[in-house]
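> Give me a model of this one.
(2 chains)
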Amino acid sequence: MPALSTALTPADLRWRCDPGQLPFKTTAELEPLANISGEHRWIEALKLGTAIRRPEYNIFAVGADGIGKSYLSQRFIEAHAKAEPAPDDWCYVYNFEQPHAPNVLRLPTGRGRPFKADIEQLVDDLREVLTATFEGEEYRSHRQLIEQELKDRQEEAFGEIEKEAQQNSIAFLRTPMGFSFAPMHNGNVMEPQVFQALSEADRTAIEQKIKALQSKLQELLQQVPLWVKQTQDKIRELNRETATYAVSGLIATLEKTYGDVPEIPEHLNAVKADMVANAEAILNMAAQMAQSPGHEHNGQNPLLRRYGVNLIADNADLTHAPVIQEDNPTYDRLVGRIEHRSEMGALMTDFHLIRPGALHRANQGYLLIDAKRLLSRPMAYEGLKQALRSSTIEIESVAQLYGLPSTITLQPESIPLNVKVVLLGDRMLQYLLSQYDPEFRDLFKVIADFDEDIERTDSVLGDFHRVIAGMVQHCELRPLEAQGAGRLSEFSVRMAADSDKLSLKMETLREILIEADYWAGLAGHDTITGDDVTEALERREFRVDRIRERVQEEIRKGTIRIDAEGAVAGQMNGLSVLQIGDFAFGRPSRITAQVRLGSGNVVDIEREVKLGGPLHSKGVMILAGYLGAKFGTELPLSLSASLVFEQSYGGVDGDSASAAELITLLSAIAQVPLAQRFAMTGSVDQMGQVQAIGGVNYKIEGFFDVCDTRGLTGDQGVLIPATNKRHLMLHDRVVNAVEAGKFHIHAVETVDQAIEILTGMPAGTPDENGVYPEGSFHRRVADRLKDLAEARRKFAPAPGQPENKQREDE
Amino acid sequence: MRAPDNRRPARIVTPLQCDESTWAALDFAVAMAKTLRAELKGTFLEDLDVLTAASLPITRAVSYRSGQVGSLDPAQVEAHYRALAARARERLAAVCREQALGWSFEIAERTPAVAGEGEAEQHHDLLLLDRRMLRRRQNVTTLLRLATRYATVGVWDMTMPQPSRLILVYRGEADGLEVAGELARAMGLALDVVIPDSDGKPGEPLAEPVQEWMAARSIAGTVHEFTPDDPARQDGLLRLTAAPGALVIYDRRDLLALVGEALR
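Sure, this is the predicted structure:
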């Protein structure tokens, strides 16, 4: 077949990266780079967002998935954060005045951990020191003295009564039921028979004496509770003094160590006062613990637990501002939560069970969150906004937020928040949030826009390879050879779907590198070669191309009818792209057209059955416009035409087949057969200009595979819009076939160019009277339309007759 | 002097009255029994004077807490004693079970008032008494009954946590020396042997054989010897036996003498 001017050469079909031209043998020689240098919008945005330390200047990093916006943002922010100081430590402590509202303490960086340890040591020491002090000789003798005073006082009082009783020969007895007085006889209690033998007067006298003694005793006993109380007061005072002495000694060291930290001296005073007040209880508890050594951990004891410290933000190991990425941004994991433990069936909590969230860890630093995940977690977005709005972290359960009845819980003091949040999401999400959430615009004032691709200059390509080197190093992979780097660059260009650009879908490139490293390992390579990258790419495609293979199989078996040879009027091969997940492939479809007498309507069957999308319908209407403008100015279009994608059972959208549909329709009108060895893609305007479409590589490869499977005839090929030339990045198998002259790709600018290729006829240019030359394609079209108009005129109603109401279109 | 033999107390006897000091005494007796690997015997004391008084038509009970006057009849007192005895027995059993000690229990009123010396010697019992018990006149009858049954008596202030001294008032009785020696070894205390009446048995010097006996058993301590006409005797005896933290081992006769002093 003679070469046409529209035919593309193999060099036009893909960009090739020549490994010999690359200034390295393996990426190990390259200095890794985080991102391709240059004037990027996102860098400008991140610089601004991190520099303005105001609560509303949070950042939304926007861009397609897999372009590394999370990685790049994190790297940028980490570099920025290194120049900022490490944040303070925060801890929750018991509020001795309002136990349900734990207090928060702020300590300079790194002092939270020793403070917690010191308090734990204090509590440990407290038991021992109190025990030692209260068991010490000094305390015991003091206490004994006080108790002895009471005993002496009682003994003295009872002794006087006993003495008086003795003087009256009455015994003073202690019985199980109380004191008692009994007459004596010969030094012993008088036997009943002796008593009975006494005269009435003697018995009465004894009885009177006993009654008098009883009265005195009663008076005395009324005094006893008062004495006991006085003694208890003295003991209490002694205990207080003793405990104060013991506790003060312990706390004095802490007061000295932490005296410079605001609020800590006040807290230590409260701790001291409480320890003194509860010294006896602590001693009792210590005694119980000593008896059950298995349960002697202070943390389990409610009395001692309250002196402890819940170090909620421990930044001792940080040397600069934190950069936290929260991958599971639930409400609890962001804002923190209050846990409960079951005690005898009831859910209890205390300040030790307050758990920090990502905001605590990122406070005075940066927090990166995936926006989609944030929005899919109940209340998480609301919780984050609330924290940013108020510049505080308030820990509340979701049930509390909803005002639902909850179990006993806490209201911890809020913590001042100074964080820069970076949300990561795609453009649609950013548009939706901007549109529907006014607060979003208020709180995320900086948009960091990440491009999906970048112009492929030599400088950019150099940076690209250094970024790849960084990935190899970060993922601890084998060094990538220059040939492999070249393959990867070519793949990046194909992803960009533009031979002048490099795709920045770094995540995909990283995956391919990891897989290529795997294949290199299997092959026993020390480096990742070009073949390893090719293997990774082919295997990757193989794993997901089941559907493509099935479609090809059905075409090969003829179940799906695609004619790749011969010529048929009103039929040609269109091309579409099927996207299944991340995998896309091209599929040829037969487009057919039928023409009959009618009133100028072009019926889009796909639209009629609601399988055609609006863009497809638009394409069909444009071609109807083309038809009307080109042939309907002199005579009415007296035809009805129908267009359909044969054997298409799913939806059809886009206008990329409109050029093919137009030519098919013209072929059906003119009854000029179209060469079936060609497939065509491209949209058309009303002037007959062929316009660029998407997925050109997949479409070409889709038809090529059909032809290749059946055996290339040497004259098969694809017509594409000339404006798609720069998007070509075809598989080697196609390029090789073109190089061998077995397959042809034509870049056409107009429908007429395509008609000439497909029909072998000149399209024809109208003369000054609008008449197309004899033997041209358009003349055949015009003649047929004229015939149809004549035929229609014959069926027109005579004047005064009603119009034929028959619906001709259907 | 009769040659001391190697007998050690097989039973520690502690009086039980169910008051606060009783439980402190019980704890001390348990510790002592464990140290000496002896059995523990609890003796619940019923006060005969109270029982007699309850039989009189004119006696009443004045409540310890409220001062209210109520009736006092023998059946009521008996019932109270039974309940208290049951409680004491229960407590004793629990403590001994916990410490894996052999134990026995008796109610003193129901045992013969005077047991033969043979029985006491046979059991090699050590009776432990709270020093405060000796000061109360009401206990005298009971103490007299107890003192007649046990050859060796340890007197101790139960308010103190641990004995810091061990003192034996020695009149030549082998039991007391043997028990005191065992206690000194087991408790790691030095033994002060007080001989209050060195010529109490003419021709039989006491101090020298005791020192030899202590040296032979590697028991550290001192022998304090007093003669009846020694002017420092009374003060010396008092200083030693009333020293704070001292566990004093008496012979039965000395205890009776102490009770007699209390009575006076």
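> Quick check: pLDDT value at residue B:51.
At residue B:51, the pLDDT value in this model is 87.
> Go ahead and confirm it touches residue B:75.
No: assessed by CB atoms under 8 Å, residue B:51 is found out of contact with residue B:75, at 10.6 Å. Yep, even glycine has a C-beta here, placed from its N, CA and C like the rest.
> Looking at the two, which is more packed in?
The neighbour comparison of residue B:51 against residue B:75 (other CB atoms under 10 Å in any protein chain shown) goes to residue B:51, with 16 against 8.
> Look up how far residue B:248 lies from that one.
Computed as CB to CB, to the nearest Å, the residue B:51 to residue B:248 distance reads 31 Å.
> Residue A:387: what's it in contact with?
By CB atoms under 8 Å, 6 or more residues apart in numbering or on different chains, the contact set of residue A:387 is A:334, A:335, A:359, A:393, A:394, A:417.
> ok, 10 Å please
Listed by CB atoms under 10 Å, 6 or more residues apart in numbering or on different chains, the contact set of residue A:387 reads A:55, A:334, A:335, A:357, A:359, A:393, A:394, A:414, A:415, A:417, A:419, A:421.
> Do a quick rundown of the strands in the stretch 1-150 of chain B.
B:11-16, B:39-44, B:60-62, B:69-71, B:103-107, B:125-130 (DSSP state E, counting those that start in this stretch).
> so which of those gets nearest chain A?
With CB to the nearest CB as the criterion, chain A lies closest to strand B:60-62 of the strands of the stretch 1-150 of chain B, at 4.0 Å.
> And chain A, is the closest one touching that?
Yes: for strand B:60-62, a contact with chain A is found by CB under 10 Å from any CB of the partner chain, at B:60, B:61, B:62.
> mean confidence score for that strand?
Rounded mean pLDDT across strand B:60-62 is 91.
> and what of stretch B:126-141?
Averaging pLDDT along stretch B:126-141 gives 74.
> quick one: pLDDT of whatever residue of the stretch 551-700 of chain A ends up closest to chain B?
Residue of the stretch 551-700 of chain A nearest chain B, by CB to the nearest CB: residue A:581 (72.8 Å). Looking at residue A:581, its pLDDT is 77.
> before we move on, what about residue A:526?
The predicted local confidence for residue A:526 is 94.
> Now residue A:575, what are its backbone angles?
phi -130, psi 140 (degrees, to the nearest 10).
> Look at residue A:173 and give its secondary structure.
Following DSSP: H, G, I helix; E, B strand; the rest coil, residue A:173 is assigned to strand.
> for chain A, what are the low-confidence residue spans?
Judged by pLDDT under 70, chain A has its weakly predicted residues at A:1-4, A:37-39, A:290-300, A:401, A:403-408, A:604, A:797-810.
> Show the contacting residues for the residue of the stretch 301-450 of chain A found nearest chain B.
Ranking the residues of the stretch 301-450 of chain A by distance to chain B (CB to the nearest CB) places residue A:301 first, at 24.1 Å. By CB under 10 Å, 6+ apart, residue A:301 lies in contact with A:123, A:127, A:282, A:285, A:286, A:288, A:289, A:295, A:307.
> Quick check on those: which are buried?
In the contacts of residue A:301, burial by neighbour count holds for A:123, A:127, A:282, A:285, A:286, A:289, A:307, counting by 16 or more other CB atoms under 10 Å in any protein chain shown.
> which among the residues you listed gets closest to residue A:771?
residue A:307 (105.2 Å; CB to CB).
> my read: the closest one touches residue A:119, true?
Yes: counting by CB atoms under 10 Å, residue A:307 does reach residue A:119; the two are 6.4 Å apart.
> Which residues are in contact with each of these two?
A:93, A:271.
> So is the stretch of helix or strand residue A:224 belongs to next to chain B?
Assigned by DSSP states H and E, residue A:224 belongs to helix A:200-258. Yes: contact of helix A:200-258 with chain B (CB under 10 Å from any CB) involves A:203-204, A:206-211, A:213-215, A:217-225.
> For the stretch 301-450 of chain A, just list every one of the strands.
Counting by DSSP E, counting those that start in this stretch, the strands of the stretch 301-450 of chain A are A:310-313, A:323-326, A:337-338, A:341-343, A:346-348, A:354-355, A:366-370, A:392-393, A:415-416, A:420-425, A:446-449.
> highest average neighbour count across those?
Each of those was assessed for mean neighbour count using mean count of other CB atoms under 10 Å in any protein chain shown. The highest is strand A:420-425, with a mean of 26.
> Neighbour-wise, give me the winner out of the residues of strand B:60-62 next to chain A.
Top of those by neighbour number is residue B:61, holding 26 neighbours under the definition other CB under 10 Å.
> and the gap between it and residue A:173?
For residue B:61, the distance to residue A:173 - CB to CB - is 9 Å.
> now residue B:215
From residue B:215 across to residue A:173, the span is 50 Å (CB to CB).
> more crowded one of those two?
Set side by side, residue B:215 and residue A:173 show more neighbours around residue A:173, with 24 against 10, by other CB under 10 Å.
> In contact with the more buried one: list those residues for me.
Shown in contact with residue A:173 (CB under 10 Å, 6+ apart): A:162, A:165, A:179-182, A:189, B:47, B:49-50, B:52-54, B:59, B:61, B:72, B:137-138.
> same thing with residue A:212?
Going by CB under 10 Å, 6+ apart, residue A:212 touches A:164, A:165, A:168, A:170, A:181.
> Quick check: nearest residue in space to the residue of the stretch 201-350 of chain A found nearest chain B, chain neighbours excluded?
Distances between the stretch 201-350 of chain A and chain B by CB to the nearest CB are smallest at residue A:221, namely 3.6 Å. Nearest residue to residue A:221, sequence neighbours excluded (CB to CB, 6 or more residues apart in numbering or on different chains): residue B:67, at 3.6 Å.
> Would you mind listing what in the stretch 1-150 of chain A touches chain B?
Close to chain B, as judged by CB under 10 Å from any CB, the stretch 1-150 of chain A has residues A:135, A:140, A:144, A:147, A:148.
> CSV for the residues you listed, including neighbour count?
Below are the residues of the stretch 1-150 of chain A next to chain B laid out as CSV (neighbours: other CB atoms under 10 Å in any protein chain shown):
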residue, neighbour count
A:135, 11
A:140, 14
A:144, 14
A:147, 14
A:148, 14
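> Among the residues you listed, which one sits closest to residue B:107?
Within the residues of the stretch 1-150 of chain A next to chain B, the smallest distance to residue B:107 is 30.9 Å, found for residue A:147 (CB to CB).
> The helix or strand that contains the closest one packs against which elements?
For residue A:147, the element it lies in under DSSP H and E is helix A:137-167. On a contact count with 3 or more CB pairs under 10 Å, 6 or more residues apart in numbering or on different chains; DSSP states H and E, helix A:137-167 meets helix A:112-135, strand A:170-175, strand A:178-185, helix A:200-258.
> just to revisit the earlier point, who wins for neighbours among the contacts of residue A:212?
Counting neighbours by other CB under 10 Å, the top entry in these is residue A:181, with 30 neighbours.
> just to revisit the earlier point, compile the strands of the stretch 301-450 of chain A into JSON lines and extend it with columns for distance to chain B.
Formatted as JSON lines, those follow (distance: least, CB to the nearest CB, whole Å):
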{"stretch": "strand A:310-313", "distance to chain B": "39"}
{"stretch": "strand A:323-326", "distance to chain B": "55"}
{"stretch": "strand A:337-338", "distance to chain B": "42"}
{"stretch": "strand A:341-343", "distance to chain B": "29"}
{"stretch": "strand A:346-348", "distance to chain B": "33"}
{"stretch": "strand A:354-355", "distance to chain B": "42"}
{"stretch": "strand A:366-370", "distance to chain B": "59"}
{"stretch": "strand A:392-393", "distance to chain B": "53"}
{"stretch": "strand A:415-416", "distance to chain B": "50"}
{"stretch": "strand A:420-425", "distance to chain B": "63"}
{"stretch": "strand A:446-449", "distance to chain B": "73"}
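> Of all the ones you listed, which one is nearest residue A:695?
Across the strands of the stretch 301-450 of chain A (criterion: CB to CB), the nearest stretch is strand A:446-449, sitting at 24.5 Å.
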